[in-house]
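Student: Mind folding the following:
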Amino acid sequence: MELVVRRFFSRNAVIKSSHTLASSLKLWNESPSNSFLQSAQDDLLDQCLSNINTNRFGRPNRTAQVSKVYIKDIYNNEVSICKDESELYINELKILRDDARDHKECNPLVMLPGFATGLACFGNVDELTSDPIRSPHNLFAIDLLGSSLSQHRSFGFEDSVLQTPRIVFQGDKYDLKDLEENLAYIVKTTRNIVQHHENYYIQSIENWRIANKINSMNLLGHSFGGYLSLLYALKYPNNVNKLILAAPLGIEQSVYSMDYIENYLGKHTFKEIPFVNNNSSSYENASMVNRRVLWCILKMWDYDFYPFKLARILGPLGTHWIANYFQRRFTRSLSQNGTTSKDELTSQVAKLVKYHVALVLQDSPLEHSIARIFCAQGRARVPLSGRRGEIVAAAPFFPPTLWIHGEWDHLVDNKSAHGFAAALLQSGLGRLLDHHRDHHHQFALISNAGHNMFLDNPQSFNQTVLHFLSH
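Tutor: Here you go, the predicted structure:
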C-alpha cells in the first residue's frame, strides 16, 4: 500500500505551492461563512453550467440550476411550510433535458458526494448529460444533509461518546484488553449509535426523492456517499434502478469492527472473518511509543477531536497546510486529465482549493457522524460486509451494481470490496439475486486516478458510468 501511494505521488515533479501565510490568513478569515462557500461553489460550477445551458448542435437542449429543495422533517414527517433558514432543506444541482421534463418515469442519475466534498466536485458532468442516446434523461447531484450548503441541524437523538476497544498483539494474534462486560456494552452502544446516524442520512435521501417526485433512480455514491447509497438500496431496493458505487467506504472488516469483537466475546480468540483489511493493523508492527501515540489518536477521534478540527484550531496555520495540500493534490491530478493550458489549469486548481478549504473549515454535523460510523483509521465500526441479514431481505429486488475504483486509491481496499461483491454471486445469496432478477455485479478500475476519480480522470469515469447505464 505504501508503494502504491509513493507511485501515485511520484508521477510528477513536486509542485511548488503559491499559498503564502498572508493568503492563507485571508482564506481562513473568509471561509467560515456560507457566503464564501456559496461563492466557491458558484465559481467551480460556472463553466459547467454555462456549457449545459448553451444549446449546441448534436446535443440535447438542457437547463441546469442549483437550488434548495425543502424536504419533510426526518423525525416528525411534517412538510416544510415557511421555507426560511430554520426549515430543512438540501442543496441540489439539477440538470434537465427539454425532451424529459417529467423525470418521474425516466430513472434520473442521482449523485451523492463523500465526506469533505460537495456537489460542485461533480462539475465534470457535462458529458453525462450530453449524449443523446446513452445519457440519462436528467441528473441530480446533492449535498448530504448536514454538510456543505445543505441544512445544518442537530440530529434529534441522544448521542454518546463511543469507545474504541483496545487491541493488543501477542505474536501474530490479536487480543482485546477490555473486560468482557465492557466489550458487550461497547458492541451494543456502538451498533445503536451507528444505526441512528445511518438512518438519519438514509431517510433524508428518501425524503429528498419524495420531494422531487422521483419514482425510481440510478443512484451513484462516492466514498461515504457510496456507503450510504448501498444502505439506501438495501432499505429501498424498489427505488433504485441501477446502483453505482464509486470507491465506497465501509465494506471491509477490521480488528476494530463490531463483528470481530462479538466473535471474541466468550471465545477470547479472533476467528478469521472474510474481507478483512489488515492495513489497520499497522499498529502491530509499530514501536511501543508509536502504539501509544496511535492509541491516543483513536481516543481523540472517539471524543470528537478530528484532523479537520485541529486545522480549524490552528487557524491560519491550519488553513495554510490544508490549502497547500489541496493545491499539490489537484495540480498533480488535473495536469493528467486533458487540461493542457497552464492558465486553465491554474484557474481550475484555485477554484478546487477554495471550495475544499471552505468545506474542511466548516464545522458540520456530518463530521460528527463520520466519527460515529467510522473509527480513526477509516474503517467502519459496523462494516457492510457483515450485514448478511439486510442483504438477504433486499435480495429479490436488489439492483444491478457497478463498483468503480481508482487505480491509485489508498483509502479503499479494492480487493476487499471486490471480494465482497464477488462472494455474493458465488454464494447461495448470489444465486438468489440472479434467480429473482437479471442481477449482476460489474467492476471497473479507472486508470491514472486516486480516490476522487471523477476529478483525476473524468473522461474515463464518465464513459464507464454511461456504458453501465446504457446496457
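Student: all strands for the stretch 201-350 of the chain, in order.
Tutor: Along the stretch 201-350 of the chain, counting by DSSP state E, counting those that start in this stretch, strands occupy 217-222, 240-246.
Student: so which of those strands is the most packed in?
Tutor: strand 217-222 (a mean of 27; mean count of other Cβ atoms under 10 Å). The C-beta positions use only the backbone N, C-alpha and C, and glycine is treated the same way.
Student: Tell me what angle it forms with strand 240-246.
Tutor: Relative orientation of strand 217-222 versus strand 240-246 (axes from the mean of the first three to the mean of the last three Cα atoms, to 10 degrees): 10 degrees.
Student: if we can go back for a sec, would you mind saying which of the strands of the stretch 201-350 of the chain lies nearest residue 316?
Tutor: Shortest separation from residue 316 across the strands of the stretch 201-350 of the chain is recorded for strand 217-222, at 30.3 Å, computed as Cβ to Cβ.
Student: picking that back up, next, format the strands of the stretch 201-350 of the chain as a markdown table and append mean pLDDT and distance to residue 358.
Tutor: Below are the strands of the stretch 201-350 of the chain laid out as a markdown table (pLDDT from 0 to 100; distance: least, Cβ to Cβ, whole Å):
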| stretch | mean pLDDT | distance to residue 358 |
| --- | --- | --- |
| strand 217-222 | 96 | 19 |
| strand 240-246 | 94 | 23 |
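Student: Columns distance to residue 442 on top of the ones you listed, output as CSV?
Tutor: Below are the strands of the stretch 201-350 of the chain laid out as CSV (distance: least, Cβ to Cβ, whole Å):
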stretch, distance to residue 442
strand 217-222, 13
strand 240-246, 9
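Student: Run through the residues that contact residue 152.
Tutor: 146, 364, 365 (Cβ atoms under 8 Å, 6 or more residues apart in numbering).
Student: pretty sure the second one contacts residue 149?
Tutor: No. The pair formed by residue 364 and residue 149 falls short of the contact definition of Cβ atoms under 8 Å, at 10.5 Å.
Student: Show me where the stretch 51-200 of the chain dips below the pLDDT cut-off.
Tutor: For the stretch 51-200 of the chain, the stretches with pLDDT under 70 are 55-58, 75-86, 100-105, 156-161, 166-181.
Student: now the strands for it?
Tutor: 62-70, 89-97, 109-112, 139-142, 167-170, 173-176.
Student: from the middle of its chain, how far away would the second one be?
Tutor: Averaged C-alpha coordinates place strand 89-97 at 18 Å from its chain's average position (Cα atoms, centre = their mean, to the nearest Å).
Student: List the pairing partners of that strand within its sheet, with orientation.
Tutor: Here strand 89-97 is paired, per DSSP bridges, with strand 62-70 (antiparallel), strand 139-142 (antiparallel).
Student: Reformat the ones you listed into JSON lines and put mean neighbour count and distance to residue 182 next to each item.
Tutor: Output for those, formatted as JSON lines (neighbours: other Cβ atoms under 10 Å; distance: least, Cβ to Cβ, whole Å):
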{"stretch": "strand 62-70", "mean neighbour count": "16", "distance to residue 182": "44"}
{"stretch": "strand 139-142", "mean neighbour count": "25", "distance to residue 182": "40"}
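Student: coming back round to it: among the strands of the stretch 201-350 of the chain, which is nearest residue 207?
Tutor: strand 217-222 (13.9 Å).
Student: With only the CA atoms kept, save that closest one in PDB.
Tutor: In PDB, the C-alpha atoms belonging to strand 217-222 read as follows (Å, rounded to 0.1, in the frame of the first residue of the first chain):
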ATOM      1  CA  MET A 217     -33.500   6.500 -10.000                       C
ATOM      2  CA  ASN A 218     -30.000   5.400 -10.900                       C
ATOM      3  CA  LEU A 219     -28.000   6.100  -7.800                       C
ATOM      4  CA  LEU A 220     -24.300   6.900  -7.800                       C
ATOM      5  CA  GLY A 221     -22.400   7.400  -4.500                       C
ATOM      6  CA  HIS A 222     -18.800   8.200  -3.900                       C
END
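Student: on that earlier part again, can you add distance to residue 441 and give the strands paired with strand 89-97 back as a markdown table?
Tutor: Converted to a markdown table, the strands paired with strand 89-97 look like this (distance: least, Cβ to Cβ, whole Å):
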| stretch | distance to residue 441 |
| --- | --- |
| strand 62-70 | 31 |
| strand 139-142 | 23 |
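Student: which one of those strands lies closest to residue 260?
Tutor: strand 139-142 (33.8 Å).
Student: Run through who's touching the closest one.
Tutor: Strand 139-142 has contacts (Cβ under 8 Å, 6+ apart) with 69, 90-95, 108-113, 119, 122, 125, 128-129, 150, 205, 208, 212, 217.
Student: if we go to 7 Å?
Tutor: With Cβ atoms under 7 Å, 6 or more residues apart in numbering as the test, strand 139-142 has contacts from 90-95, 108-112, 119, 122, 125, 128-129, 208.
Student: likewise stretch 22-42?
Tutor: By Cβ under 7 Å, 6+ apart, stretch 22-42 touches 118, 120, 148-149, 315-316, 319-320, 323, 354-355, 357-358, 361-362.
Student: which of the residues in stretch 455-470 are buried?
Tutor: Residues 455-458, 460-466, 468-469 are the ones in stretch 455-470 that count as buried (16 or more other Cβ atoms under 10 Å).
Student: elements contacting the lengthiest helix in the chain?
Tutor: Longest helix in the chain by number of residues (criterion: DSSP state H): helix 180-211. If you count contacts as 3 or more Cβ pairs under 7 Å, 6 or more residues apart in numbering; DSSP states H and E, helix 180-211 packs onto strand 62-70, helix 224-235, helix 258-264, helix 365-373.
Student: In CSV: those, plus distance to residue 193.
Tutor: Listed next are those as CSV, based on distance: least, Cβ to Cβ, whole Å:
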stretch, distance to residue 193
strand 62-70, 28
helix 224-235, 15
helix 258-264, 11
helix 365-373, 5
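Student: Comparing the ones you listed, which comes out most buried?
Tutor: Most buried among those, counting by mean count of other Cβ under 10 Å: helix 224-235, with a mean of 24.
Student: neighbouring contacts of that helix?
Tutor: 112-115, 144, 198, 201-202, 205, 219, 221, 240, 243, 245-250, 370, 384, 390-391, 394, 398-399.
Student: Kindly report the same for stretch 445-459.
Tutor: Contacts of stretch 445-459 (Cβ under 7 Å, 6+ apart): 8, 121-122, 124, 223, 246-247, 333, 336-338, 404-409, 411-412, 460-461, 464.
Student: can you check stretch 112-126 too?
Tutor: So stretch 112-126 is contacted by 41, 44-45, 48, 51-52, 91, 93, 95, 111, 139, 141-144, 147-148, 220-225, 228-229, 355-356, 359-360, 366, 370, 452, 454-455, 458, 462 (Cβ under 7 Å, 6+ apart).
Student: just stretch 298-307 next, same as before
Tutor: 161, 162, 163, 164, 367, 368, 371, 375, 376.
Student: Would you show me how to pick out the buried ones of the contacts of stretch 445-459 in ChimeraX?
Tutor: Applying 16+ other Cβ under 10 Å to the contacts of stretch 445-459, the buried members can be selected in ChimeraX as follows:
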select :8,121,122,124,223,246,247,333,337,404,405,406,407,408,409,412,460,461,464
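Student: Nice, that's everything, thank you.
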